[in-house]
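output the structure for:
(2 chains)
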Amino acid sequence: MSPDEVRQLEEAIGEIWEIADRFGLDPYPVHFELVPATIMYEFGAYGLPGRFSHWTHGRAYQQIKTMYDYGLSKIYELVINTNPAYAFLLENNSVLQNKLVAAHVLAHVDFFKNNVYFAHTNRSMLDTVSINAERLRRYEFEHGREKVETLLDAVLSIQEHIDANPRLRRTASEEPPHRRRDDRPSTPFDDLLRLGEAKPEPVTEVRKFPAEPEKDLLLFLADHAPDLEPWQRDVLHIVRSEQNYFLPQMQTKIMNEGWASFWHARIMRELDLTESEYVQFAQLHSSVLSPSKRNVNPYHVGMKIFEDIERRWDDPSPEEREKLGRVGGEGRARVFEARQLDNDASFLRNYLTRDLVEELDLYLYRLEGDRWVIVEKDWEVVRDTILTSMTNFGQPYIVVEDGDYRRGRELLLKHRHEGDDLDLDYADKTLRYVYQLWSRPVHLETIIEGKPTTLSYEGQRGKAELVRRS
Amino acid sequence: MPLTVSLSRNDWSLHRKGPIDQARHNERVKEAIKGNLGEIVSQESIITSDGKKIVKVPMRSLDLPRFRFDRGRKNHAGQGQGDSKKGDVIGQESQGDGQGPGKGKQAGDQPGIDYYEAEITVDELAALVFEDLGLPFLKPKGRALVESEEVRFDEIRRNGVMSNLDKRRTIRENLARNARAGRAGFGGLKNDDLRFKTWERHIREESNAVVIAMRDVSGSMGEFEKYITRSFYFWMVRFLRTRYTQVQIVFITHHTEAKEVDEDTFFNLGESGGTKVSSAYQLALDIAEERYPAAEWNTYPFHFSDGDNWGEVDNQRCLDLVKALLGRSNAFGYGEIQEGGRRSPSTLMSAFGQIKDPHFIGVTITRKEDVYPALKQFFSTREDLERQVAAR
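From the prediction side, this is the model:
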């Protein structure tokens, strides 16, 4: 963009802000930054600028760069949930493209600020991640790069396993109980004195550890892994805090993108666009919203649902007026309510109607032989399956069942099977990483093809052993 | 109105984080390739390619494993254009256009195994393969020493070109001088402190060496045997040409009769007939005597066969010839190829068992993956052993 175009964009952004304000959007102040593509895909790969170094980030960087270089995909914007918010725009996009992106960004920031699932996110996360990165660099300096990388490999392999509802947490789980042996004599003559008496039942109170199954695997390991050094526990906490920050974004992908698309379309229609600009806008808008055969495009589905809510509450059918007491004209209020109170799961449960499933032509498909085939069109099954796939962000739900398993401080994890089997090869490998952190035998209970199965990694005497019991 | 939006543009040209971590990822790819050289080295696509070509090496497990669902066994949601119906096929697994286990040819029937295709040129791969290899028992020989010159920066001087300033040493000198004057810390840089890197010319001398490559092309050599021989010699020839500028290679094929051939014929010839291994050894000995006098040349005869030789008489003759060759060679390599390792050692191998000379190197290859270990066995410099031999 030429300096002149940058000025144009700057003016337009001011205008867009005012339009958004009139519509009732309430974002944090936003700082926009024009960056070259290399920087854009770097930030995309790391999730946030300034995050710690790891080869998986390098791998993501390479993938995104390749996609961009071959013209297969392009990141248009990156917006960061902080106060003030930061947004990155591509400097080689046209002014019009960047206007649309800016409108999109303002709606995202409004969402970050007002959606309740974001209420407890760290709004100065940029500082936090660079402090974290600095700390990891220091650990690399003190303990060697290889040691830190080996540890990060293990921690990142289980990074998704934190608690999505941190505010519902119980108090931190306690240390494993010492088994009391109350029948132990206190003097050598006790048993003589008690001759003839009935021997009292030994009172062995075996408390569970953790008292209740623990969802936050990272926290549990950081607190209770027997042999970790303090800096290693710190690395677990670092990864966990960053993951906690990203969690609400994973929980609201469809809503957040839907909300941003819903508003960028409206804001752009308010702007004074020339005919050619309007064509450009329409092209970009439709490319962002094009449905995908293989997954649910959050931009498209999310926006359609918001539009549908607005229509149904603005102009209810006679039946809805009568049965549900809708008076009409409440559409705007209703979409704002949804953006404040829902996450993807509740959003779809509340608002993905039969009409929408049919209009959006949603379906389920699966692998049959070597072909991906559509197997289900029934709207309720489709909706419920999408909902189930959102449980725990599409990750298997795994809890720490016992941190003192077989009374030897072994670790028992349990996969709460909800219909889908684990990828065994990956589970085996991940279990080795858990073993690396726990440094005692680790076990994972799951169900494979209907049969209860336990995967174990015992790593005895330096020998790698993988036991699979059904 | 308070400042609520702003737009700026900075210079990002010094920002290098992504490329640095990308380099680390590439390093890991290389490490993984190194760990799997045994499998990779004997791949057909490599030995039939020319040097510059990029080969795709399927690699397992460069992804970070996680607990995840088995993608091939669950339902996924997708979106049609408004006319989708049950039974519509939306894609073929083997296309591998998705992420996850959809890559690679086995993905369909083996869900859960991720193949990451690393791209590498044959030259890069060769550099990895050859890293620890060298000619065993090499001795300085011959008048016609070839000199190769290289320039190395390995001197430090007090004066020189500013662009060659050695900052680290300069700072150290300055610190030391300050310390002598009773001041701690850096400062007051003087000309005396300056240190410069400078270069010297090094002449490297190389020895003459000849490798006599022998290949059994008799009828008993099946597809597998031929393949292994080709694969081994492919790497051997590449290795010798990369590492030693002064290595000559003589190619000999044999069945009941041996003949010297050119490189092309050597690699592409398919013949049939019986086997008389001694014919090849005799020819090798003749060529060596005639063209490569032992005083001037390091000599390395190599022979690959299935060991299916014609009779005890010839085995005995082979044994004598190998001893004769050993007498004037630095090492003798014999590789016996037995697909699947189903047989006991051949009569030829048993006969060679009598040779106690450490310069005789015998290897049995039963699988494709054995080619790389065989290379390592033949072409390790054996410094320990050399010292032992020298001490005797």
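
got the domain boundaries for chain A?
Chain A breaks down into these domains under automatic domain parsing: A:3-115+A:252-287, A:289-391, A:395-469.

as CSV, those with distance to chain B and mean pLDDT would be great.
In this view, the C-beta of every residue, glycine as well, is placed from N, C-alpha and C. Shown next, in CSV, are those (distance: least, CB to the nearest CB, whole Å; pLDDT from 0 to 100):
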stretch, distance to chain B, mean pLDDT
domain A:3-115+A:252-287, 3, 91
domain A:289-391, 4, 91
domain A:395-469, 4, 85
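
mind checking how far A:Ser439 is from A:Pro248?
Distance, A:Ser439 to A:Pro248, using CB to CB, to the nearest Å: 33 Å.

who's more crowded, these two?
Between A:Ser439 and A:Pro248, counting by other CB atoms under 10 Å in any protein chain shown, A:Pro248 is the more crowded of the two (21 against 14).

now that one. Nearest residue, chain neighbours left out?
Of all residues not flanking A:Pro248 in the chain, A:Tyr117 sits nearest, at 4.3 Å (CB to CB, 6 or more residues apart in numbering or on different chains).

B:Ile287 too?
B:Val250 (5.8 Å).

helix, strand or coil for the one you found?
Assigned by DSSP: H, G, I helix; E, B strand; the rest coil, the conformation of B:Val250 is strand.

what is the neighbour count of it?
There are 20 residues near B:Val250, going by other CB under 10 Å.

what's across from it in the sheet?
Note on B:Val250: beta-bridge partners by DSSP bridges are B:Ile212.

my guess is it meets B:Ala209, correct?
No: judged on CB atoms under 8 Å, B:Val250 makes no contact with B:Ala209 at a distance of 11.5 Å.

would you map the strands across chain A?
A:30-35, A:77-80, A:85-90, A:362-368, A:371-376, A:398-405, A:410-415, A:442-448, A:451-457, A:466-469 (DSSP state E).

what residues does the longest one touch?
By CB atoms under 8 Å, 6 or more residues apart in numbering or on different chains, the residues outside strand A:398-405 that reach it are A:161, A:173, A:176-177, A:208-210, A:213-215, A:217, A:220, A:224, A:409-416, A:443-445, B:67.

tell me the angle that strand makes with strand A:410-415.
160 degrees (axes from the mean of the first three to the mean of the last three CA atoms, to 10 degrees).

before we move on, what about the third one?
Direction vectors for strand A:85-90 and strand A:410-415, defined by the same axes, to 10 degrees, enclose an angle of 70 degrees.

which strands and helices sit next to strand A:85-90?
In terms of contacts (3 or more CB pairs under 8 Å, 6 or more residues apart in numbering or on different chains; DSSP states H and E), strand A:85-90 is packed against strand A:30-35, helix A:37-46, strand A:77-80, helix A:95-114.

turn the ones you listed into TSV, including mean neighbour count.
Shown next, in TSV, are these (neighbours: other CB atoms under 10 Å in any protein chain shown):
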stretch	mean neighbour count
strand A:30-35	22
helix A:37-46	22
strand A:77-80	23
helix A:95-114	24
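
so which of these gets nearest B:Glu339?
Minimum separation from B:Glu339 across the helices and strands packed on strand A:85-90 (CB to CB) falls at helix A:37-46, 46.7 Å.

list the buried residues for stretch A:393-413?
A:393, A:396-405, A:409-413 (16 or more other CB atoms under 10 Å in any protein chain shown).

correction: stretch B:185-200
So stretch B:185-200, judged by 16+ other CB under 10 Å, has buried residues B:Asp193, B:Leu194, B:Arg195, B:Phe196, B:Lys197.

ok, now stretch A:263-276?
Those would be A:Trp263, A:His264, A:Ala265, A:Ile267, A:Met268, A:Leu271, A:Leu273, for stretch A:263-276 by 16+ other CB under 10 Å.

out of those residues, list just those in helices.
Among those, the members falling in helices are A:Trp263, A:His264, A:Ala265, A:Ile267, A:Met268 (criterion: DSSP state H).

out of those residues, which is nearest to B:Ser42?
A:His264 (55.5 Å).

my guess is that closest one contacts A:Leu100. True?
Yes: here A:His264 reaches A:Leu100: they are 5.6 Å apart, a contact under CB under 8 Å.

what does the model give B:Pro111 for pLDDT?
B:Pro111 carries a pLDDT score of 35 in this model.

that older thread, ok, which pair from the buried residues of stretch A:393-413 is furthest apart?
Top of the distance list for the buried residues of stretch A:393-413 (CB to CB): A:Phe393 and A:Arg409, 30.4 Å.

if we can go back for a sec, in a markdown table: the helices and strands packed on strand A:85-90, plus distance to A:Leu367.
Formatted as a markdown table, the helices and strands packed on strand A:85-90 follow (distance: least, CB to CB, whole Å):
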| stretch | distance to A:Leu367 |
| --- | --- |
| strand A:30-35 | 40 |
| helix A:37-46 | 29 |
| strand A:77-80 | 33 |
| helix A:95-114 | 35 |
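
how about A:Val79, what does it touch?
So A:Val79 contacts A:Val30, A:Ala85, A:Tyr86, A:Ala87, A:Phe88, A:Val105, A:His108, A:Val109 (CB under 8 Å, 6+ apart).

who's the closest residue to it other than its chain neighbours bridged to?
Distances taken as CB to CB, 6+ apart place A:Ala87 nearest to A:Val79, at 4.4 Å, with adjacent residues excluded. When assigned by DSSP bridges, A:Ala87 has beta-bridge partners A:Phe32, A:Val79.

wait, A:Ala87 touches A:Val35, no?
No: counting by CB under 8 Å, A:Val35 is not a contact partner of A:Ala87; they are 10.3 Å apart.

excluding chain neighbours, what is closest to the residue nearest in space to the middle of chain A?
What sits nearest the mean C-alpha location of chain A, by CA atoms, centre = their mean, is A:Met250, with 3.3 Å. Once flanking residues are discounted, A:Met250 sits nearest to A:Phe393: 4.5 Å by CB to CB, 6+ apart.

before we move on, back to that, what sits against the residue nearest to B:Ile287?
Residues in contact with B:Val250 (CB under 8 Å, 6+ apart) are B:Val210, B:Val211, B:Ile212, B:Ala213, B:Glu260, B:Ala284, B:Ile287.

the first one: helix or strand, and which one exactly?
Counting by DSSP states H and E, the element that carries B:Val210 is strand B:209-216.

contacts for that strand?
Strand B:209-216 has contacts (CB under 8 Å, 6+ apart) with B:135, B:138, B:225, B:229, B:233, B:236-237, B:240, B:244, B:246-255, B:258, B:266, B:275, B:277, B:280-281, B:284, B:287-288, B:292, B:297-306, B:330.

got the buried residues for the following helix or strand past it?
Sequence order places helix B:223-243 as the next helix or strand after strand B:209-216, per DSSP H and E. Neighbour-count burial for helix B:223-243 flags B:224-240, B:242 (criterion: 16+ other CB under 10 Å).

return helix B:223-243 as CSV; C-alpha atoms alone will do.
C-alpha atoms of helix B:223-243 as CSV (Å, rounded to 0.1, in the frame of the first residue of the first chain):
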residue,chain,number,x,y,z
GLU,B,223,15.6,-59.6,-8.8
PHE,B,224,16.3,-59.0,-5.1
GLU,B,225,20.0,-59.9,-5.4
LYS,B,226,20.4,-57.7,-8.5
TYR,B,227,18.6,-54.9,-6.7
ILE,B,228,20.8,-55.0,-3.6
THR,B,229,24.0,-55.2,-5.6
ARG,B,230,22.9,-52.1,-7.7
SER,B,231,21.8,-50.3,-4.6
PHE,B,232,25.1,-50.9,-2.8
TYR,B,233,27.3,-50.1,-5.8
PHE,B,234,25.2,-46.9,-6.5
TRP,B,235,26.1,-45.6,-3.1
MET,B,236,29.6,-46.9,-3.2
VAL,B,237,30.4,-45.2,-6.5
ARG,B,238,28.8,-41.9,-5.3
PHE,B,239,30.6,-42.1,-2.1
LEU,B,240,34.0,-42.6,-3.7
ARG,B,241,33.5,-39.9,-6.3
THR,B,242,32.4,-37.4,-3.7
ARG,B,243,35.0,-38.1,-1.1
